[in-house]
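Student: Sequence and predicted structure are below.
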Amino acid sequence: MTPDSSNSPAETVPLPNPAILPTIKSPADVKNLPEDQLEGLAAEVRDTLINSLSNTGGHLGPNLGVVELSIALHRVFNTPDDKFVFDVAHQGYVHKMLTGRADKIDTIRQYKGLNGFLLRTESEHDCYGAGHAGTALSAALGMAAARDQKKEDTHVVAVAGDAAFTCGPTLEALNNIAETTKRFIVVLNDNEWSIDKNVGAIAKYFNALQTHSAYSAVRDKASEFVQKVGGESVRKFAHKIERSAKNLLFPNVLFEKFGLRYFGPIDGHNLELLVQTFEYLKKQDEPVVLHIITEKGRGYQPALEKPGKFHGLGPYNVEDGATEPGAPTYSEIFGRSVTDFAKKDEKILAVTAAMPGGTKLDIFKNEIPERYYDVGIAEEHAALFASGLATQGMRPFLAIYSTFMQRAFDMIVHDIALQNLPVRLCMDRGGLSGDDGPTHHGLFDIGYLRHIPGLIHMQAKDEEEFVDMLWTMANYDDGPTAIRYPRGAGTGAKPKAEPQLLEIGKGELVQSGSDVCLIGLGSMFEMAEATAAELKKDGWSVGLINPRFIKPLDAELILSEARKAKVICTYEDHVLANGFGASIIELLHENGITTPVERIGWPDEFVEHGKPDILRANHGLTVENALAKIRAELPSVAASA
Ligand SMILES: Cc1ncc(C[n+]2csc(CCOP(=O)(O)OP(=O)(O)O)c2C)c(N)n1
Ligand SMILES: CC(=O)[C@@H](O)[C@H](O)COP(=O)(O)O
Ligand SMILES: [Mg+2]
């Protein structure tokens, strides 16, 4: 079933004149709006999103899909007393616009502007922050239980996409709802897409619900009914949906087995139907799930044609949705390389947790589909699955963003490292994510991996070395390996025609020096190199190390350079707490070296969103700051002067 496009406000409703959106300062204004202006508001919200995000970038498709849903929710419920918990919260832009932030939508994802997800600190209407998938039902259930404890009678609504139902936490929450509360609304926003096409048995099940003729009949009757009766008899209407659903549908509807009364599927772009349905659902004294069918990208043709691209993107040309091509990214080089390796080695398999486009494993998927696995938004399962593959002599490459790999920490410890299984953990977006902000920065993986016995962890200084590292991982069967690599492109260093095996635990001495020892990890090597050039101009003898391995460290190399130096400086795109520099300090301490160590990296705080250059400058990840710190430790006259 696709929603009925003939009633798409963006296609049929002219933009209101005068504009309505500037008058919406709070949800009360949505409630007070005459009913016949609601669709005009929806059209205006869409138009604003399409134009504004063409400059800032952002999650366009998901938000175009929830315009009517967001309006209906604010029409019926009362935030901040009632709570809306949006899963991932990448679809929260419309909610932001309806809760007093419409005039700031052009600042979204910009430094000091609106965050691209929901932050509890941004508005009293944002009761829960997110960015990772699968958290909404559990968190909302906690809020409902707290409300019951306090004997209040507010409403809690969890809004989750179809792909969020592939997440373990969502299923764990479902298992727990019926015995926890009687007053709880789940909205399943089903557009058949994750970032890429949604996968798995649950996606198939939702699809079957949509396409089953009985459900279509219910949908048609519901729409017909609203058209004919309008607001006249909400109760009668709702009972009709309910009775029809009960009588006509599969006896074993998944949600009914979990103890939630199931309603739908209904057209999630039919505002009147949504409003009336919520009016009915809020009166129920049992947990309910409302299944709505929406279109990702509704109202903008380029987004409808390419839901994956328009899930989340940078600036685009509003006329045709075109984006600027960029230099090959680390992800692209990763996808290309692993696919090429796999063509020569049939034991190589690729595993993604719902991110074929982001990780560029879509290259593997297209060329070797039989050895490609997308397990859905299920990082824990993905890691366990990869461990199982490895027990059977396979060579799995598991590509997950660093921030999402946090989900699989226990699996990495208990199921991969403890069993010494050669799973290749490929941590994309290792380092600052930028526009997406704190939920997406990959700034913790050194900390959560470096204490795991036997785990090899590395980061390349450029793309050429990156491919050598991937090749080294492909050929290493003695235990788990991990690699972190940043978002976007690096220096542009061209990979060799034939990749080279690297010696495990061996760093690269780029130049030896006797005054200063600079150790620049991965993408931060460039900054160390630039610092070295400046210090050389001052007349200092500068050692420069590309460590390659975070674990095991090349202790021999690092100690031999460190012993000569008056000051050491480490560089990392990671928090300093329990990071790479911390591991160098430990190494030096264990070997009795007391030379001062300066560290360049992120502070012990959640770093805000914004362009990487701005954030780096604000937090001292600059050559200037490194020079200032190093010079402060050096005698005032250069040794050779
Ligand atoms: C734990 C985790 N893994 C992966 C992601 C990346 N991610 C963000 S949104 C998304 C798809 C969400 O699809 P769905 O829930 O159906 O919502 P839609 O965008 O279709 O509205 C994915 C995979 C994430 N945010 N969190
Ligand atoms: C919502 C989400 O988690 C993703 O859409 C994320 O915003 C993608 O970021 P990248 O652009 O780094 O793939
Ligand atoms: Mg979806």
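Tutor: Right, received. Where do you want to start? Ligands and ions are numbered 1, 2, ... in the order given.
Student: Wait, residue 465 touches residue 493, no?
Tutor: Yes - here residue 465 lies in contact with residue 493, judged by C-beta atoms under 8 Å, at a distance of 7.4 Å. Quick note: C-beta positions are derived from backbone N, CA and C, even for glycine.
Student: After the helix or strand bottoming out on mean pLDDT in the chain, which helix or strand is next?
Tutor: Least confident helix or strand of the chain, by mean pLDDT, DSSP states H and E, is helix 234-248 with a mean of 49. Scanning forward in sequence from helix 234-248 by DSSP states H and E, the next helix or strand is helix 254-257.
Student: other SSEs contacting that following helix?
Tutor: Secondary-structure packing of helix 254-257 (3 or more C-beta pairs under 8 Å, 6 or more residues apart in numbering; DSSP states H and E): strand 261-267.
Student: Paired strands for the strand it packs on, with orientation please.
Tutor: strand 288-293 (parallel) (DSSP bridges).
Student: Do me a favour and average the pLDDT over the partner strand.
Tutor: Averaging pLDDT along strand 288-293 gives 95.
Student: Specify which residues of the protein, grouped into ranges, have pLDDT under the cut-off.
Tutor: 1-12, 212-252, 637-641 (pLDDT under 70).
Student: Mind doing that once more with 80?
Tutor: For the chain, applying pLDDT under 80 flags the ranges 1-12, 210-253, 636-641.
Student: ok, and for the longest helix that it contains, which residues are buried?
Tutor: Taking DSSP state H as the assignment, the helix of the chain that covers the most residues is helix 38-56. Neighbour-count burial for helix 38-56 flags 38-50, 52-54, 56 (criterion: 16 or more other C-beta atoms under 10 Å).
Student: Ok, stretch 331-343 next?
Tutor: 331-342.
Student: Let me have those in TSV, adding distance to ligand 3 and secondary structure as columns.
Tutor: Formatted as TSV, the buried residues of stretch 331-343 follow (distance: C-beta to the ion, whole Å; DSSP: H, G, I helix; E, B strand; the rest coil):
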residue	distance to ligand 3	secondary structure
331	22	helix
332	25	helix
333	29	helix
334	25	helix
335	23	helix
336	28	helix
337	30	helix
338	27	helix
339	27	helix
340	32	helix
341	32	helix
342	29	helix
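Student: out of the residues you listed, which one sits closest to residue 18?
Tutor: residue 331 (45.5 Å; C-beta to C-beta).
Student: Please say whether there is contact between the longest helix of the chain and ligand 1.
Tutor: No - on the criterion C-beta under 6 Å from any ligand atom, helix 38-56 is out of touch with ligand 1, staying 13.9 Å away.
Student: Phi, psi for the residue nearest to residue 287 when sequence neighbours are not counted please.
Tutor: Distance criterion C-beta to C-beta, 6 or more residues apart in numbering; nearest residue to residue 287, sequence neighbours excluded, is residue 184 at 4.1 Å. Residue 184 adopts backbone torsions of phi -160, psi 130, taken as degrees, to the nearest 10.
Student: just use 143 as the starting number from now, easier for me
Tutor: Taking 143 as the first residue, the last one we looked at is residue 326.
Student: So residue 326 is in contact with residue 289, correct?
Tutor: No - the criterion here is C-beta under 8 Å, and residue 326 misses it with residue 289 at 9.7 Å.
Student: Identify the residue of the protein closest to ligand 3, quick one.
Tutor: Nearest to ligand 3, among the residues of the chain, is residue 303, at 3.7 Å (C-beta to the ion).
Student: Specify the local secondary structure of the closest residue to that residue other than its chain neighbours.
Tutor: Once flanking residues are discounted, residue 303 sits nearest to residue 331: 5.1 Å by C-beta to C-beta, 6+ apart. The assignment at residue 331 comes out as strand when based on DSSP: H, G, I helix; E, B strand; the rest coil.
Student: Next, the contact list for residue 331, please.
Tutor: By C-beta atoms under 8 Å, 6 or more residues apart in numbering, residue 331 lies in contact with 207-208, 211, 233, 301-304, 410, 434, 436.
Student: give me that answer again for 10 Å
Tutor: 204, 207-208, 211, 228-229, 233, 301-306, 410, 432-436, 438 (C-beta atoms under 10 Å, 6 or more residues apart in numbering).
Student: among those residues, which are in helices?
Tutor: Using DSSP H, these in helices are 204, 207, 211.
Student: gap between the second one and residue 506?
Tutor: Same thing as residue 207. Note on residue 207: its distance to residue 506, by C-beta to C-beta, to the nearest Å, is 29 Å.
Student: Check the first one too.
Tutor: Distance, residue 204 to residue 506, by C-beta to C-beta: 26 Å.
Student: give me the number of residues near residue 506?
Tutor: 30 (other C-beta atoms under 10 Å).
Student: What is the three-state secondary structure of the closest residue to residue 591 other than its chain neighbours?
Tutor: With sequence-adjacent residues excluded and distances taken as C-beta to C-beta, 6+ apart, residue 591 is closest to residue 599, at 5.2 Å. What three-state DSSP gives for residue 599 is strand.
Student: before we move on, what about residue 711?
Tutor: Under three-state DSSP, residue 711 comes out as strand.
Student: How many neighbouring residues does it have?
Tutor: 28.
Student: got it, and residue 774?
Tutor: The burial count for residue 774: 10, using other C-beta under 10 Å.
Student: and what of residue 666?
Tutor: 25.
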